[in-house]
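S.K.: sequence plus the predicted model coming up.
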Amino acid sequence: MQQEQALKAITLYYETLKAKGVSNKKPAPLTSSPPAYAPLKNKKHFSVNEAVARPQPSRDSEPSSTVYGPSYTVGPSEKGYVERENGASWEAEYSLLADEIHVRHYSSKTLKTYKGWVRKFQTFTRSKTPELLSSNEVKEFLTFLAVKRKVASSTQNQAFNALLFFYRHILHKEFGRIDGVVRAKRKPYIPVVLSREEIEAILRHLEPPYDLAVKLLYGCGLRLFECLGLRVHCMNFDAGILTVHDGKGQKDRTVPLPEKILPELRGHLESLKDLHERDLKRKYAGVFLVNALEQKYKNAAKEFIWQWFFPAKNLTRIPETGEYRRYHLHETHVQKAIKEAVGKSRICKRATAHTFRHSFASHLLQANYDIRTIQELLGHSDVRTTMIYTHTIKSQTKKEAKSPLDF
């Protein structure tokens, strides 16, 4: 829909230019070169995230009063001034970036994040030719984020990782040592943990299927997308285990199913069977499958074992084929339901969907479970990541010095 709106807007724009007799050809170069900085008439400032399209100057325009190309605020010292862009197209680089992300089977969110940082970097460098980029531009950009924008350390590290991937795999350049970069200092992070009473209070304000999703988040220590990405075949009621396929880092793992909610899970599974029968009667095309699984198994999309355990309420229409398919429950719906339930529970903690995973690990650690066991259940590659939960529980170390012979 947004693409169609953009097409109509651009078409109307060119029709308006044609009606006014404006040529589509690029304007001839000015006789006198415009200044590097041009003052803004309305004194409006633009962030590095914005690329404001401005009309190109005509041959009779005054260079001193024209703003050229997309602009951004360089800093407080250049307040009221914008800088010209060089005008190089990065479309080929964006296409290569998407290819490199897909080849490595990274998630779509990783592609969206990396592409967003590369666009901000392009705006910051005024669309400089990619072949001319060096580590100096990266140093200036990271310093700009830390000093001018005062972004969090995690945000700056995310930008650094995105540009490192862009330089290494798209431009085939290495950073080397980037000295003199002002890096935001990373503060120690202590996860928010809910008590059992607080979790029960939140569950009382949740309606199906959100309450069952939250019970799996807490009862199995799942990430939000791991929970929403569950399919029917992931549930093994006979063995009492849940299998997480393609979790973070494309890793699989198994976790025990909470016995307390087994009847509720079985009842939810029966409702999924009824929904699946209604979908088949409407001759829908099936669920969305990962990668090329549908080409390998032609009927897998309509088979019950491949249906989402938390399906979306409505079918999704594919514009190219006109088919109707079903996606899983959208993450924003779950997040909104949790936020409303936390507000109704009057809990004075910043609780999100990931807080239930933190609570899962902390409560197991509080029950004297081995840290390596918790690491396996959470799917952490390094036990140092799991060690953060040692700060969320009270210390149980005895303070009185005593000899081991007296134990």
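M.R.: That came through fine. Numbers count the residues shown, from 1 in each chain.

S.K.: please, which helix or strand holds Ala239?
M.R.: Using DSSP states H and E, Ala239 maps to neither a helix nor a strand.

S.K.: tell me the pLDDT of it.
M.R.: The per-residue pLDDT reported for Ala239 equals 93.

S.K.: how deep is it tucked in, by neighbour count?
M.R.: By other C-beta atoms under 10 Å, 11 other residues sit near Ala239. Where C-beta positions appear, they are placed from N, C-alpha and C, glycine not excepted.

S.K.: what of Ala159?
M.R.: Ala159: 23 neighbours (other C-beta under 10 Å).

S.K.: ranges for the helices of the protein?
M.R.: 2-19, 91-103, 108-124, 135-143, 153-165, 196-203, 210-220, 224-228, 262-281, 293-296, 331-345, 355-366, 371-378, 383-386 (DSSP state H).

S.K.: please identify which of these is closest to Pro311.
M.R.: helix 262-281 (6.6 Å; C-beta to C-beta).

S.K.: mind listing what's buried in that closest one?
M.R.: By neighbour count on 16 or more other C-beta atoms under 10 Å, the buried set for helix 262-281 is Leu265, His268, Leu272, His276, Asp279.

S.K.: so what's the gap between it and the chain middle?
M.R.: 30 Å (C-alpha atoms, centre = their mean, to the nearest Å).

S.K.: with stretch 209-224 instead?
M.R.: 20 Å.

S.K.: what does stretch 228-244 contact?
M.R.: 213, 216, 220, 222, 226, 245-246, 252-257, 259, 262, 265-266, 269, 272, 304-310, 328-329, 331, 334, 379 (C-beta atoms under 8 Å, 6 or more residues apart in numbering).

S.K.: just to revisit the earlier point, make CSV out of the helices of the chain and add mean pLDDT and distance to Leu315.
M.R.: CSV is the format used below for these (pLDDT from 0 to 100; distance: least, C-beta to C-beta, whole Å):
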stretch, mean pLDDT, distance to Leu315
helix 2-19, 88, 20
helix 91-103, 92, 26
helix 108-124, 94, 21
helix 135-143, 89, 43
helix 153-165, 91, 35
helix 196-203, 96, 29
helix 210-220, 96, 20
helix 224-228, 95, 17
helix 262-281, 95, 8
helix 293-296, 82, 17
helix 331-345, 96, 16
helix 355-366, 95, 29
helix 371-378, 94, 34
helix 383-386, 91, 39
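
S.K.: how about the ones you listed in CSV, adding distance to Asn314?
M.R.: Shown next, in CSV, are these (distance: least, C-beta to C-beta, whole Å):
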stretch, distance to Asn314
helix 2-19, 19
helix 91-103, 28
helix 108-124, 21
helix 135-143, 42
helix 153-165, 33
helix 196-203, 26
helix 210-220, 16
helix 224-228, 15
helix 262-281, 11
helix 293-296, 21
helix 331-345, 11
helix 355-366, 26
helix 371-378, 33
helix 383-386, 37
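
S.K.: how much space between the residue nearest the centre of the chain and Lys248?
M.R.: The centre of the chain sits closest to Lys109, judged by C-alpha atoms, centre = their mean, with a distance of 4.3 Å. Lys109 sits 11 Å away from Lys248, going by C-beta to C-beta, to the nearest Å.

S.K.: identify the residues contacting the nearest residue in space to Lys260 that is not next to it in sequence.
M.R.: Spatial nearest neighbour of Lys260, excluding adjacent residues (C-beta to C-beta, 6 or more residues apart in numbering): Gly219 at 7.7 Å. By C-beta under 8 Å, 6+ apart, the residues touching Gly219 are Leu257, Pro258, Lys260, Ile261, Phe360.

S.K.: filter these to the buried ones?
M.R.: Looks like the contacts of Gly219 have Leu257, Pro258, Ile261, Phe360 buried, using 16+ other C-beta under 10 Å.

S.K.: nearest to Glu207 among the residues you listed?
M.R.: Of those, the one sitting nearest to Glu207 (C-beta to C-beta) turns out to be Ile261, at 15.7 Å.

S.K.: how close does the closest one sit to Ser153?
M.R.: Distance, Ile261 to Ser153, using C-beta to C-beta: 38 Å.

S.K.: run through the bridge partners of Arg317.
M.R.: Per DSSP bridges, the residues bridged to Arg317 are Tyr324.

S.K.: find the nearest non-adjacent residue to Ala285, please.
M.R.: Glu323 (3.8 Å).

S.K.: near the one you found, how many other residues are there?
M.R.: So Glu323, with other C-beta under 10 Å, has 15 neighbours.

S.K.: got it, and Thr110?
M.R.: Thr110, neighbours per other C-beta under 10 Å, totals 15.

S.K.: the one 5 residues further on too?
M.R.: The burial count assigned to Lys115 is 16, neighbours taken as other C-beta under 10 Å.

S.K.: touching, it and Tyr94? I think so.
M.R.: Yes. Counting by C-beta atoms under 8 Å, Tyr94 is a contact partner of Lys115 at 6.4 Å.

S.K.: which residues does Leu203 contact?
M.R.: Counted by C-beta under 8 Å, 6+ apart, Leu203 has contacts Asp211, Val214, Lys215, Ala341.

S.K.: Leu405 too?
M.R.: Contacts of Leu405 (C-beta under 8 Å, 6+ apart): none.

S.K.: do you know how far Pro130 is from Phe175?
M.R.: Pro130 is 15 Å from Phe175, by C-beta to C-beta.

S.K.: what of Arg149?
M.R.: For Arg149, the distance to Phe175 - C-beta to C-beta - is 21 Å.
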